[in-house]
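Enquirer: What would the 3D arrangement of this be:
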Amino acid sequence: MSKTELPPGWCSVRLEEIAEVRLGRQRSPKNHAGEQMRPYLRAANVDWNGLKLDDVKEMNFTDAELETYRLLPGDIVLGEASGSPREVGKPALWNGQIDDCCFQNTLIRVRPEPGIEPQYLLLLLRYEALRGAFARGARGVGIHHLGSAKLASWSISLPPLSEQRRIVEVLDDLISRLDAAEESINRNLKRSNHAWSSVLNAVARGDLNGRSVQADLRLVSEVAEVSGGIQKQQKRRPVDNSFPFLRVVNVARGKLQLDEIHQIELFDGELERHKLECGDLLVVEGNGSPDQIGRAATWRGEVDNAVHQNHLIRVRPSGEILPRYLELVWNSPLVVDQLREVARSTSGLYTLSTAKVKSVKIPVPSVSDQKSLVEAADAWETSIDSAREALRAAKFRSHLLRQSTFRRAFSGSLISQDPVYEPASSIQERIRVAREQAGRRKSSRVRRARTVKASAGVMPAPSSAIEPIPSNAVQQEFEL
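Expert: Numbering: from 1, shown residues only. Presented below is the predicted three-dimensional model:
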């Protein structure tokens, strides 16, 4: 909504006109220890759902620094920078949870002036962050910095104080309902994931849909050919003989992500040795997360003449095992647990090798039973995917409704307006006058302090018996 379209009694202001905006103190080695250690907040303590105070650090703040950087109830802290654009400017309200708590320069403090409802300002700043406005206004490559000066000059819509409070009341009710709906959606999305895991385990056990399939446990080396991939090196920079090259990032659990496929230079005979064939299972060799170790997906010939990285292991099934059955069983929690055990290392990382993959045991029923299990699993997958799509659509609609609700609230169209309220321009003017008066009082105190200091430093007039004072003595005394 443009400035001219604001309701009567509203006005458009810069944030610095109605609040003090300050960047936190920089963290430096000299303040890691000291006699005045005090708690401080950093960006890691700010979450979309409020403050996370389970890990609050300390550093040395002098009494003077405490007066400058102390957080007071009603202050709002925002993330100053982030590698993720969506996180830039993420705000939270401080309610005085910790005594004498300060803040670091990864945060910006916004302290509303009297006549400004902190909750209103919090919700407005959250809306700006959620809709990506702060990210678009940020500077920097890789790390996006909002900056206190940019935030201070941010234009916002300001309603009368009573309107601010009414908006907060209505928004709290509507947003809490949306939050509850999204929590329900997220719970059901997790349930859908658990349901699919149960299907995969049932395939591995051979009892999906009440079946009782008999299967022998076989070493992977007995029913498939296992081989490594090509190491990426400088000499393989694509020049004259380049081919599609699949990497770890292209392999998710049960599906391939082929939006970005790199190229690699191959030499004589390498394409024939390493070319992927339909039905090959690509297994991720290593991962710091135990949940992701050995994740795999089937290659279905999506790109001609493709090869794979050495951090992917190719498992090419023989005629005894169907590619789709192998993929389902491989990604089942029962087999993933086995992969995790063989991949565990003393360093805490999880790494597979071709030898370890060959040693894994999987159930191998008859081909006809495999087909039956695959058909049943595919039917379940279709149903579960349909449910997931419906849930994701509902979540997207909730997101749009949230944005629309915020937009209407801060443009004055969410609630009916009451013309008898004191206009926001009066609040703005009162803040301006109060600041001017405070500034004059501060200047007066500073002048008096300087006068007292100068008087205390006046030297008595020398007697005739005393040796004349050097001409630069006054400059030395007053550091001129």
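Enquirer: Just the element for Pro363, please.
Expert: Remark: Pro363 resides in strand 361-364, with elements defined by DSSP states H and E.
Enquirer: Tell me the spacing between Glu5 and Thr346.
Expert: 66 Å (C-beta to C-beta, to the nearest Å). C-beta here means a position set from N, CA and C on the backbone, and glycine is covered the same way.
Enquirer: Just want to know which of the two has more residues nearby.
Expert: Using other C-beta atoms under 10 Å, the more surrounded residue of Glu5 and Thr346 is Glu5, with 11 against 5.
Enquirer: How confident was the prediction at the closest residue to the more buried one other than its chain neighbours?
Expert: With sequence-adjacent residues excluded and distances taken as C-beta to C-beta, 6 or more residues apart in numbering, Glu5 is closest to Ser411, at 7.3 Å. Looking at Ser411, its pLDDT is 94.
Enquirer: doesn't Ile167 make contact with Ser411?
Expert: No. Under the contact definition of C-beta atoms under 8 Å, Ser411 does not touch Ile167, with a separation of 10.7 Å.
Enquirer: In terms of packing, which of the two has more residues around it?
Expert: Ile167 (22 against 15).
Enquirer: List the contacts of that one.
Expert: Contacts were defined as C-beta atoms under 8 Å, 6 or more residues apart in numbering; by that measure Ile167 touches Tyr120, Leu123, Pro159, Ala409, Phe410, Leu414, Ile415.
Enquirer: Which residue ranges make up the domains of the chain?
Expert: Annotated domains of the chain cover 7-157, 216-364 [automatic domain parsing].
Enquirer: Of all the ones you listed, which one is nearest Asn209?
Expert: Closest approach to Asn209 among the domains of the chain (C-beta to C-beta): domain 216-364, 13.8 Å.
Enquirer: Let me see the confidence value for the residue lying closest to Ile116 once chain neighbours are set aside.
Expert: The shortest distance from Ile116 to any non-neighbouring residue, by C-beta to C-beta, 6+ apart, is to Ile18 (5.1 Å). Predicted confidence (pLDDT) for Ile18: 98.
Enquirer: for this protein, where's the lowest mean pLDDT among helices and strands?
Expert: helix 473-477 (a mean of 33; mean pLDDT, DSSP states H and E).
Enquirer: Show me the helices in the stretch 201-350 of the chain, by range?
Expert: 220-223, 270-274, 323-330, 333-343 (DSSP state H, counting those that start in this stretch).
Enquirer: Can you tell me which helices and strands the shortest one packs against?
Expert: Using 3 or more C-beta pairs under 8 Å, 6 or more residues apart in numbering; DSSP states H and E as the contact criterion, the secondary-structure elements in contact with helix 220-223 are helix 354-359, strand 361-364.
Enquirer: Could you single out the most deeply buried of those?
Expert: Each of the helices and strands packed on helix 220-223 was assessed for mean neighbour count using mean count of other C-beta atoms under 10 Å. The highest is strand 361-364, with a mean of 20.
Enquirer: could you give me the average pLDDT of that strand?
Expert: Model confidence over strand 361-364 averages 98 on the pLDDT scale.
Enquirer: For it, report the contacting residues that lie outside it.
Expert: Counting by C-beta under 8 Å, 6+ apart, the neighbours of strand 361-364 from elsewhere in the structure are 204-206, 215-220, 223, 320-321, 326, 329-330, 335, 338.
Enquirer: One more pass at 6 Å, please.
Expert: For strand 361-364, the external contacting residues (C-beta atoms under 6 Å, 6 or more residues apart in numbering) are Ala204, Ala215, Asp216, Leu217, Arg218, Leu219, Val223, Ile321, Val329.
Enquirer: Pick the one among those residues closest to Lys150.
Expert: Out of the contacts of strand 361-364, the member with the shortest distance to Lys150 (by C-beta to C-beta) is Val329, at 54.1 Å.
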